[in-house]
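Asker: need a 3D model of the following:
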Amino acid sequence: MTWRNILRSGLVVAALAALPAHAAEPISPRFSADPSAHVFDGRYYVYATDDASNSGTYWDSTTWRLYVSKDLKAWKDAGAFMAVTAFKWARPDAKAWAPEAAHRNGRYYFYAPVGGDKIGVAVASRPEGPFVDAIGAPLVDKARDANAGAEPIDPQVLVDDDGQAYLVFGTRVPKIVKLGADMISLAGPIQDLTITGFPADDPKKKYGEAPFLHKRNGLYYFSFSTGWPGQIVYAVAKSPMGPYAYKGVILDYLKISTNHQAILEAEGRSWLFYHDTLLPGGGDHRRSITVAPLTYAPDGAINEVKP
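Answerer: You can find the predicted model right below:
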């Protein structure tokens, strides 16, 4: 029985916890990757890298794609809602990589890694846009900002219970910075995020990319990919700034060179969004987004998802 059938049958979350594996089904027949998943106004939104428009030999698309659902089962392709040309400071052929979105103050914010060395921020009055450049300059710029890292990419935002928003991003060394209340400015220095407790006997356990920060029952969970290829693993802390202690694997290696996740909690359930090779002709540069139930043990540990 697939997880979709379980949902249709109305079984409780405990049944999901007992499910050893799920049938990975793409949310769209179009190649897409790097999901940023959200619930806005009672609907599910996935902002994504548009793999279908790249060269097929590199991650060189210049647009981002949006998918919308009412039930996590049927997804509507809302099209290429934004391109790098929306940022006048960006090269028109700059790469459009893993995006992020957030909602605050009645507005929607889109965080876009552009060209591998900058992160732009755009704003809209609706989740599907149209989005416009919010500040006329990069929010994070490798050439301008101290400690932006080798590649300021893969942005992700957590708005904490006290209203403070945090932006995490980066490859090889994870970065974290406070955002201003306006969501379009930095409110402090960019800092390295510390992770401790990696298994000493496994040199592959290290931070690679795809940082994701979420909070549950007062505990901060920092998940990420360990590299290329990578596992999706996680660490926990009592403060968003860390330090974080490594805990375990969420998603094992896939037959693909990248791994990128988003965790969504909605209506009392948790979901893991990620990409894999699920469509004919798929591969390292032509990926597909899927979603699976995510469950926790009684002590708060995340149970490994096994596709």
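
Asker: flag the shaky bits of the stretch 1-150 of the chain, pLDDT-wise.
Answerer: For the stretch 1-150 of the chain, the stretches with pLDDT under 70 are 1-22.

Asker: for A124, give its distance to P26.
Answerer: Between A124 and P26 the distance, using CB to CB, to the nearest Å, works out to 26 Å. Bear in mind the C-beta positions are built from the backbone N, C-alpha and C, glycine included.

Asker: quick check, A52 in a helix?
Answerer: Yes - assessed by DSSP: H, G, I helix; E, B strand; the rest coil, A52 belongs to a helix.

Asker: what's the neighbour count on it?
Answerer: Other residues within reach of A52, judged by other CB atoms under 10 Å, total 20.

Asker: all further residue positions should be reported with the first residue as 32.
Answerer: Taking 32 as the first residue, the last one we looked at is A83.

Asker: got the contact list for it?
Answerer: Applying CB atoms under 8 Å, 6 or more residues apart in numbering to A83 gives the contacts R61, F62, S63, S92, R96, R317.

Asker: and T88, by the same measure?
Answerer: So T88 contacts H316 (CB under 8 Å, 6+ apart).

Asker: tell me the secondary structure at it.
Answerer: Classified using three-state DSSP, T88 is coil.

Asker: and stretch 59-75, what's buried?
Answerer: Residues of stretch 59-75 classed as buried by neighbour count (16 or more other CB atoms under 10 Å): S59, R61, F62, S63, A64, D65, P66, S67, A68, H69, Y75.

Asker: before we move on, what about stretch 195-204?
Answerer: Under the neighbour-count criterion of 16+ other CB under 10 Å, stretch 195-204 has A196, Y197, L198, V199, F200, G201, T202 buried.

Asker: for those, which one is nearest I294?
Answerer: Checking the buried residues of stretch 195-204 against I294 by CB to CB gives V199 as the nearest, at 13.0 Å.

Asker: quick check: which element contains the closest one?
Answerer: Element membership of V199, judged by DSSP states H and E, is strand 196-200.

Asker: how about residues contacting the helix or strand following that strand?
Answerer: Heading C-terminal from strand 196-200, the first helix or strand you meet, by DSSP H and E, is strand 206-210. Identification of contacts with strand 206-210 by CB under 8 Å, 6+ apart yields 171, 178-180, 183, 188, 195-200, 216-224, 242, 244, 271-273.
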